[in-house]
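Student: Coordinates only, no sequence provided:
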């Protein structure tokens, strides 16, 4: 049981360290995007709002608004162009889903193809809990079924312990 706690603690520390390192490692914005940011603030606000709904296909744990990956920059430029062409936010998101699938959505809808994304973490958590309970119960049963010493064996062990010579260091 102690080993399980040590393992869980080590995993939590590692996850916290990775999250901290990732938060500190934010690359600078590419120059190709800087020129478009200054042109129209209202347009950029709409691009960022749509970008918050779409997942970066390179980073996968960031929205394209938060990502500076080359593909994310390209997708933001594509959103910008489509907005300038008069397409609505829904049309742009539908276009991205048609092109890249539900995976591009940062919050994919619950469907038969995405149910694993939504239920997977809960299923894994439940399996881990049942596994931990099974291990604890099995160890408890093994401890209860451990062979017990008879009174004669206890006396013999006590006598052997008393007769041991002391060692000096």
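Tutor: Happy to help now that I have it. Quick caveat: nothing in here was measured; it's all calculated off a predicted structure.
Student: now the chain, which segments are flagged as low pLDDT?
Tutor: Counting by pLDDT under 70, the low-confidence segments of the chain come to 1, 19-38, 165-169.
Student: by contact count, what packs against the biggest helix by length in it?
Tutor: Among the segments of the chain that qualify as a helix by DSSP state H, the longest is helix 115-144. The contact analysis (3 or more Cβ pairs under 8 Å, 6 or more residues apart in numbering; DSSP states H and E) places helix 115-144 against no helix or strand. For the C-beta atoms, the positions are set from N, CA and C on the backbone; glycine is no exception.
Student: now that helix: how far from the chain's centre is it?
Tutor: Chain-centre distance of helix 115-144: 19 Å, with Cα atoms, centre = their mean, to the nearest Å.
Student: shouldn't residue 109 be in contact with residue 103?
Tutor: No: the pair residue 109 and residue 103 fails to qualify as a contact (Cβ atoms under 8 Å) at a distance of 11.6 Å.
Student: where along this structure do the strands fall?
Tutor: Listed in chain order, the chain contains no strands at all (DSSP state E).
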